[in-house]
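Novice: Fold the following.
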Amino acid sequence: MRRVMDRIALDAHGVCKRYGTRSVLHDVDLVVEAGRLHGLLGPNGAGKTTLMRAVLGLVSRDAGSVHLLGQSIDCAWRALPDGVAGLVETPAFYPYLSGRANLKLLARLDNGARSGREVDRVLEQAGLATDADVRVAGYSTGMRLRLGLATALMRSPRLLLLDEPTNALDPAGARAVRRLVRQLAANGAAVVLSSHDMAEVETLCDCLTVIDRGRVVFCGTVDALRALSPAASYALRTSDDAAALGIAARRPGVSVTRNGDGSLEVSANLEFLDGYIVALGRAGIAVRAFERRTRTLESLFLDLTRQTPVVVS
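Specialist: Residues are numbered from 1 along each chain as shown. As a prediction, the model looks like this:
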């Protein structure tokens, strides 16, 4: 039991937060193991950022417990344990100082000075080495975000919470951040990544917590989330789609409809699917393309949070 607990980097249970009469978080649990990339998903206003702020002690909790690296965070504004860092929302710095000077000042405020070599290291990791001596007033939003990431890296984090860290970055910067968080997790750190980019989370994360309206609606692996979906469908292209539709209508357990891209959408369990494909061949209908389609993480996410996707023309 002790060995299991040693692997838990973040252990939050029953977290509640209210602003006046409005409840933002309802009995939320979030458990993250060391060496894991854990995705935190939810639509805008779901409570993701509030949860991160509550976990880091940036806002007080109305109920619940939080342990970070085995230490209880019993109230807001308490100093974080060594090895815990976070980047929540847009970071703020002294605009008249350079990025390097800001980091050195923050390092001194964080219970001790760090060497200039460490500052150089995190500036390099964050992709700011060439702009380190430029005043922050001249930084773009993406550069300020990377400077915030460098500040978090100064704590040599074993637990790192990142709130949409690639949101304001160009593709190269976003790719560098993804590479960095993978490396941190590979070296044993726990990383909590809040993101609105479903493809990003699906690619990066081992486990997911999905929240909607302040409540957890799913917690588990990406594979477990996919398992909640119905059986996969198939895209089919034939030499005679009209005849293929007619054959499907006469076969039990097979549903075939037309797709907007000109293919046919086939839904069937394997036992019925095999018979349908054989029937097409016996009828002289050539199968020109047949591809299994899995439901995307985004579609499952929309189902869980009961959201309607917006189509922009």
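
Novice: Wait, a strand at Val31?
Specialist: Yes: applying DSSP: H, G, I helix; E, B strand; the rest coil, one finds Val31 inside a strand.

Novice: which ones are touching it?
Specialist: Ile8, Leu10, Asp11, Ala12 (Cβ atoms under 8 Å, 6 or more residues apart in numbering). Where you see a C-beta, it was placed from the backbone N, CA and C, and this is true even at glycine.

Novice: What residues of the helix or strand containing Ala9 count as buried?
Specialist: Ala9 belongs to strand 8-19 when assigned by DSSP states H and E. Across strand 8-19, burial judged by 16 or more other Cβ atoms under 10 Å covers Ile8, Ala9, Leu10, Asp11, Ala12, Val15, Cys16, Lys17.

Novice: again with stretch 119-133
Specialist: Buried positions in stretch 119-133, judged by neighbour count with 16+ other Cβ under 10 Å: Val119, Arg121, Val122, Leu123, Gln125, Ala126, Gly127, Leu128, Asp131, Ala132.

Novice: circling back: which of the contacts of Val31 lies at the shortest distance from Met143?
Specialist: Leu10 (28.6 Å; Cβ to Cβ).

Novice: Which pLDDT value does the model give the closest residue to the closest one other than its chain neighbours?
Specialist: Using Cβ to Cβ, 6 or more residues apart in numbering and skipping the chain neighbours, the partner closest in space to Leu10 is Val32 (4.1 Å). pLDDT recorded at Val32 is 96.

Novice: Next: the one 3 residues further on.
Specialist: The per-residue pLDDT reported for Gly35 equals 95.

Novice: So for the host helix or strand of Arg182, mean pLDDT?
Specialist: Using DSSP H and E, Arg182 falls within helix 171-186. Across helix 171-186, pLDDT averages out at 90.

Novice: Now for the residue lying closest to Arg178 once chain neighbours are set aside, how many residues are close by?
Specialist: Excluding its sequence neighbours, the residue lying closest to Arg178 (Cβ to Cβ, 6+ apart) is Leu204, at 6.1 Å. Counted with other Cβ atoms under 10 Å, residues neighbouring Leu204 total 21.

Novice: Would you mind measuring from Leu204 to Leu87?
Specialist: 16 Å (Cβ to Cβ, to the nearest Å).

Novice: can you check Leu180 too?
Specialist: Here Leu180 is placed at a distance of 12 Å from Leu87 (Cβ to Cβ).

Novice: Report the set of residues contacting both of these two.
Specialist: When Cβ under 8 Å, 6+ apart defines a contact, the residues bordering Leu180 and Leu87 alike are Leu149.

Novice: which of these two has more neighbours?
Specialist: Per other Cβ under 10 Å, whichever of Leu180 and Leu87 has more neighbours is Leu87, with 24 against 19.

Novice: didn't that one look like it was pressed against Ala152?
Specialist: Yes: in this structure, Leu87 is within contact of Ala152 by Cβ atoms under 8 Å, at 5.1 Å.

Novice: Need the overlap of contacts for these two.
Specialist: Here Leu87 and Ala152 share the contacting residues Leu160, Leu162, scored by Cβ under 8 Å, 6+ apart.

Novice: Now do the contacts for the nearest residue to Thr203 once chain neighbours are set aside.
Specialist: Nearest non-adjacent residue to Thr203, counting by Cβ to Cβ, 6+ apart: Arg178, 7.7 Å away. Taking Cβ under 8 Å, 6+ apart, we find Arg178 in contact with Thr166, Glu200, Thr203, Leu204.

Novice: ok, so of those, who is nearest Ala248?
Specialist: Comparing the contacts of Arg178 against Ala248 with Cβ to Cβ places Thr203 closest, at 35.1 Å.

Novice: re earlier: what are the contacting residues of the strand holding Ala9?
Specialist: Defining contact as Cβ under 8 Å, 6+ apart, one finds that strand 8-19 is touched by 23-34, 36, 47, 50-51, 54-55, 59, 61-70, 158-159, 189-190, 192, 214.
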